[in-house]
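Output the structure for:
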Amino acid sequence: MIGAVAVIMALIGVIAYTLAPKVADRAEAQQYVPSADNPDPSTAIDGVEKIDYPAGTHVQAPQRVAYDQSPPMGGPHDQYWATCTGTIYPEPIRSENAVHSLEHGAVWITYDPQQVAGDEVPTLQALVDGQPYTLLSPYPGLSSAISVQSWGHRLALDDSEDDRLDQFITALRRNPNTHPEAGATCSTTPGSFDPSSPPPFDASPPGPDAVPMAAGGQSAPTAPAVGSNLQPRNG
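Numbering: from 1, shown residues only. A predicted model of the protein is given here:
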């Protein structure tokens, strides 16, 4: 009898030892899930930069925006958003399209192909592939190996295995408290944006005709000038 009790107690101990880390991981992950009491859990993630951007003015390709951040995380953007249905782009994409995706609630993971190599790229791809409201693309010239963006939020990382990457995605992907167009789609229609042949990335500095951030950045959007390419908002 005593032996049976000992065996049972040992089994209980093994089960508790096995489950304890999983319970702890689940509890830790839960703190990054948005809620009424915690509308922006990213405030608890070390290193997250935050800028308050109102909904951005639309521009037309090939018009560019003089973004205040690189990669950008808000402001004026192209009228067509980049497909963000768990989409992996093998080549850099036009920032103005990606920013529109952020406005819809997507998380955009970027990496510098000169700094990220080996298994790190497949690790990033596994985070994105088939996951709604995410997209991944190279972004040459980053100051860090990896930069992850949502609307008005950015986190620079040096390692694809950094726990903060998952925390950022959990906290901000489709978080209705942190982007202007809650419920907007990440799918695109034919004739708007082709994910198999997206508009190319332009690494050159924006010219004097670039749309300023004041047209839909940190200050309130301004009315477009007569004859300009700025477009009224329609999604």
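
can you give me the strands in the protein?
49-50, 58-59, 77-78, 85-88, 107-111, 134-138, 146-150, 153-157 (DSSP state E).

Tell me which of those strands lies nearest to residue 190.
Closest to residue 190 of the strands of the chain is strand 85-88 (CB to CB; 14.7 Å). Using the backbone N, CA and C atoms, a C-beta is placed for each residue, glycine as well.

Can you give the distance of that closest one from its chain's centre?
11 Å (CA atoms, centre = their mean, to the nearest Å).

before we move on, back to that, format the strands of the chain as JSON lines; extra columns: mean pLDDT.
Output for those, formatted as JSON lines (pLDDT from 0 to 100):
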{"stretch": "strand 49-50", "mean pLDDT": "98"}
{"stretch": "strand 58-59", "mean pLDDT": "96"}
{"stretch": "strand 77-78", "mean pLDDT": "97"}
{"stretch": "strand 85-88", "mean pLDDT": "98"}
{"stretch": "strand 107-111", "mean pLDDT": "98"}
{"stretch": "strand 134-138", "mean pLDDT": "98"}
{"stretch": "strand 146-150", "mean pLDDT": "98"}
{"stretch": "strand 153-157", "mean pLDDT": "98"}
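
could those go into CSV alongside mean neighbour count and distance to residue 171?
Putting the strands of the chain into CSV (neighbours: other CB atoms under 10 Å; distance: least, CB to CB, whole Å) gives the following:
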stretch, mean neighbour count, distance to residue 171
strand 49-50, 14, 11
strand 58-59, 24, 27
strand 77-78, 28, 22
strand 85-88, 19, 18
strand 107-111, 26, 9
strand 134-138, 24, 13
strand 146-150, 25, 8
strand 153-157, 22, 8
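
With distance to residue 65 added, can I get the ones you listed in JSON lines?
Formatted as JSON lines, these follow (distance: least, CB to CB, whole Å):
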{"stretch": "strand 49-50", "distance to residue 65": "18"}
{"stretch": "strand 58-59", "distance to residue 65": "6"}
{"stretch": "strand 77-78", "distance to residue 65": "7"}
{"stretch": "strand 85-88", "distance to residue 65": "21"}
{"stretch": "strand 107-111", "distance to residue 65": "15"}
{"stretch": "strand 134-138", "distance to residue 65": "17"}
{"stretch": "strand 146-150", "distance to residue 65": "14"}
{"stretch": "strand 153-157", "distance to residue 65": "16"}
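
Looking at the ones you listed, spot the one closest to residue 170.
Of all the strands of the chain, strand 107-111 comes closest under CB to CB, at 9.7 Å.

Could you figure out how far the closest one is turned away from strand 146-150?
Put simply, strand 107-111 runs at 160 degrees to strand 146-150, going by axes from the mean of the first three to the mean of the last three CA atoms, to 10 degrees.
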